[in-house]
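K.L.:
pasting the structure only:
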Ligand code: HEM
């Protein structure tokens, strides 16, 4: 009986100790902390319906309620959204080792050769070598002086563009999107292929048509980005097929150009980006990180990431110039005072003497961040950020729009006001906080310097030679824009008068 009592007591004791132990364990074990998430997530679609056609606006609005770091559900997947300058900088700069990779997203993988390029490459040794090479090639080409230099190529395009607009005349209001796209594409062609194309060159027109189709298709493949399974659904998967066909055409063209370069190149005197790539390939073969197949994908990156972005920024610029004619006049007055009666297009040396023009370009990039959610990032491994657990592979969106439009840094953010970027001496404020059109950290835009050169030379040349106006009695165009792979303004017909 004693033995039975003992065993009952000890069983009870053991049970109590076990319960206490488990309670302590549960209490002290740190609970997995997910970032907060807005209500209204539906099965299968998650928050997609609430995000609507302007996700950057909804995500920025949710910041007020859910803070700088929160989660939204995109279809069946959780996405962490970083809002505001501080959270974005902290993640992409202070935690750069954690947040510099790219997630596994089917459509993006498809158009990047499954990470063979730079933009969508996971953060690894091969990425570092591709980016290092491309960065130094752009620098090498950018530092060349005189005829054939990057600056001279851009100035040539600026002249051609102004000439084209003067030929069109000002009788009929017109939209100049296509002209801008040709100019910017030709700048990349000069840099990559060592030659520009005439506006009516058949090869060039064909390539532009395919490239535009590719970009448009990418914009309309967003449903497949969220639900990759749709690529197996007959009928619905047509966009997948079109993407593949467009890419095959682009790559066939690129292969031809690469072959021609290989046959004619002189290693000692690289003419352009392709020559530099081919020369690099020979040295890189030793490390095995940077291979033949990367070449086409890196070149494709320069076109996909470098043409629509720059042309779209210029389109927003002209839209704000017609909406704010007093700002257009201020820029033109500054250009006239510095350039005088010189009819040629400005040079980069004029930049420091044209602070208002420079500030206007910065304001255009602030008020309409054309890549409002940057490109998706992901942590390489499970990461704790601001007390939240973010598993490896989770998509992370840096909401650049929320930084550029943050009222704490930019009072009355919807007001177009270039003077925000000038200090009390009228000088341009360099590196202002909370201004991130090119993102920040390790994956910051590779073409930032080139884009800045293009924006300055093309925008100042246009305003030096031409005044843009809305047709008499026309309604003010919307500044909402439409989200594709970039935030694009609607096409607007403008009166273009020679100055
Ligand atoms: C106004 C024009 C441009 C804007 C606003 C812009 C903006 C951006 C943004 C926001 C990103 C994503 C950064 C991130 O993931 O955090 C990016 C990446 C990139 N951009 Fe640009 N871009 C522009 C022009 C260009 C040009 C002209 C080129 C090259 C010719 C270029 C090449 C790239 C590349 C290669 C990446 C990927 C960088 C990486 O993942 O390491 N961009 N750009």
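P.N.:
All right, it came through fine. In this text, all values refer to a predicted model and were calculated from it rather than measured experimentally.
K.L.:
let me see the contact set for the closest residue to residue 69 other than its chain neighbours.
P.N.:
The shortest distance from residue 69 to any non-neighbouring residue, by C-beta to C-beta, 6 or more residues apart in numbering, is to residue 35 (5.0 Å). Any C-beta I mention is one placed from the backbone N, CA and C, and that applies to glycine too. Neighbouring residues of residue 35 by C-beta atoms under 8 Å, 6 or more residues apart in numbering: 66, 69-71, 80, 388, 390.
K.L.:
show me which of these is closest to residue 302.
P.N.:
Residue 302 has its nearest neighbour among those in residue 80, at 29.4 Å by C-beta to C-beta.
K.L.:
could you report the neighbour count for the closest one?
P.N.:
By other C-beta atoms under 10 Å, 26 other residues sit near residue 80.
K.L.:
distance of it from residue 73?
P.N.:
The gap separating residue 80 from residue 73 is 11 Å, by C-beta to C-beta, to the nearest Å.
K.L.:
check which element follows the helix or strand hosting residue 153 along the chain.
P.N.:
Residue 153 belongs to helix 150-168 when assigned by DSSP states H and E. Sequence-wise, the next helix or strand downstream of helix 150-168 (DSSP H and E) is helix 177-193.
K.L.:
who's in contact with that next one?
P.N.:
By C-beta under 8 Å, 6+ apart, helix 177-193 touches 138, 141, 150, 153-154, 156-158, 160-161, 164-165, 195-197, 199, 204, 208, 211-212, 257, 272-274, 299, 302-303, 306-308, 310-311, 314-315, 450, 454, 458, 491.
K.L.:
again, but for stretch 338-351
P.N.:
Contacts for stretch 338-351 (C-beta under 8 Å, 6+ apart): 151, 155, 158-159, 162, 335, 353-354, 358, 453, 456-457, 460-461, 464-465.
K.L.:
now the end-to-end length of it.
P.N.:
10 Å (C-alpha to C-alpha, to the nearest Å).
K.L.:
can you give me the buried ones in it?
P.N.:
Using 16 or more other C-beta atoms under 10 Å as the test for burial, stretch 338-351 gives 338-339, 345-346, 350-351.
K.L.:
mind telling me which residue of the stretch 251-400 of the chain is nearest the ligand?
P.N.:
Closest residue of the stretch 251-400 of the chain to the ligand, C-beta to the nearest ligand atom: residue 306 (2.9 Å).
K.L.:
check the stretch 1-150 of the chain too.
P.N.:
Residue of the stretch 1-150 of the chain nearest the ligand, by C-beta to the nearest ligand atom: residue 119 (4.1 Å).
K.L.:
check which helix or strand covers the closest residue to that residue other than its chain neighbours.
P.N.:
Spatial nearest neighbour of residue 119, excluding adjacent residues (C-beta to C-beta, 6+ apart): residue 301 at 5.2 Å. Residue 301 belongs to helix 292-306 when assigned by DSSP H and E.
K.L.:
and the stretch 301-450 of the chain, which residues reach the ligand?
P.N.:
Within the stretch 301-450 of the chain, the positions adjacent to the ligand are 301-302, 305-306, 309-310, 313, 370-371, 374-375, 398, 437-439, 443-447, 450 by C-beta under 6 Å from any ligand atom.
K.L.:
now the residues you listed: which count as buried?
P.N.:
Those of those that meet the buried threshold are 301-302, 305-306, 309-310, 313, 370-371, 374-375, 398, 437-439, 443, 445-447, 450, by 16+ other C-beta under 10 Å.
K.L.:
how about the contacts made by the residue nearest the centre of the chain?
P.N.:
The chain has residue 371 as the residue nearest its centroid, 4.6 Å off, counting by C-alpha atoms, centre = their mean. Counting by C-beta under 8 Å, 6+ apart, residue 371 touches 309, 400, 437, 439, 486-487.
K.L.:
which residue in those residues has the weakest pLDDT?
P.N.:
In terms of pLDDT, the lowest of these is residue 486, showing 89.
K.L.:
now residue 207. Nearest residue, chain neighbours left out?
P.N.:
residue 253 (5.5 Å).
K.L.:
which element is that neighbour on?
P.N.:
Assessed by DSSP H and E, residue 253 sits inside helix 238-264.
K.L.:
distance from that helix to the middle of the chain?
P.N.:
23 Å (C-alpha atoms, centre = their mean, to the nearest Å).
K.L.:
one more: stretch 387-402?
P.N.:
For stretch 387-402, the distance to the chain centre is 17 Å (C-alpha atoms, centre = their mean).
K.L.:
contacts only, for the closest residue to the ligand within the chain.
P.N.:
Of all residues in the chain, residue 447 sits closest to the ligand, at 2.1 Å by C-beta to the nearest ligand atom. By C-beta under 8 Å, 6+ apart, the contact set of residue 447 is 138, 302, 305-306, 309.
K.L.:
and what of residue 460?
P.N.:
By C-beta under 8 Å, 6+ apart, the residues touching residue 460 are 331, 335, 345-346, 350, 354, 357.
K.L.:
among these, which are in helices?
P.N.:
With helices defined by DSSP state H, the entries of the contacts of residue 460 inside them are 331, 335, 357.
K.L.:
dump the residues you listed into a markdown table; add distance to residue 170, pLDDT and neighbour count as well.
P.N.:
Below are the ones in helices among the contacts of residue 460 laid out as a markdown table (distance: C-beta to C-beta, whole Å; pLDDT from 0 to 100; neighbours: other C-beta atoms under 10 Å):
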| residue | distance to residue 170 | pLDDT | neighbour count |
| --- | --- | --- | --- |
| 331 | 19 | 98 | 23 |
| 335 | 19 | 97 | 22 |
| 357 | 23 | 98 | 25 |
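K.L.:
out of the residues of the stretch 301-450 of the chain next to the ligand, which sit inside strands?
P.N.:
Members of these lying in strands (criterion: DSSP state E): residue 398.
K.L.:
mind listing residues that contact the helix holding residue 153?
P.N.:
Contact with helix 150-168 is made by 141-142, 144, 146, 174, 176, 179-180, 183-184, 186-187, 190-191, 196, 199, 344-345, 347-348, 450, 453-454, 457-458, 461-462, 465-466, 496, 498, as judged by C-beta under 8 Å, 6+ apart.
K.L.:
could you rerun that using 7 Å?
P.N.:
Helix 150-168 is contacted from outside by 141-142, 144, 146, 174, 176, 179, 183, 186-187, 190-191, 199, 345, 347-348, 453-454, 457-458, 461-462, 465-466, 496, 498, using C-beta atoms under 7 Å, 6 or more residues apart in numbering.
K.L.:
cool, and stretch 123-131?
P.N.:
Contact with stretch 123-131 is made by 100-101, 118, 121, 284, 287, 289-290, 294, 298, 380, 446, as judged by C-beta under 7 Å, 6+ apart.
K.L.:
now with 10 Å?
P.N.:
By C-beta atoms under 10 Å, 6 or more residues apart in numbering, the surrounding residues in contact with stretch 123-131 are 96-102, 115-121, 277, 280, 284, 287-291, 294-295, 297-298, 301, 377-380, 442-443, 446.
K.L.:
out of these, which are inside helices?
P.N.:
Members of these lying in helices (criterion: DSSP H): 96-99, 277, 280, 284, 294-295, 297-298, 301.
K.L.:
show me which of the residues you listed are buried.
P.N.:
With burial judged by 16+ other C-beta under 10 Å, the buried subset of the ones in helices among the contacts of stretch 123-131 is 98-99, 277, 280, 284, 294-295, 297-298, 301.
K.L.:
how about these in TSV, adding pLDDT?
P.N.:
Below are these laid out as TSV (pLDDT from 0 to 100):
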residue	pLDDT
98	92
99	96
277	91
280	85
284	67
294	88
295	91
297	93
298	94
301	92
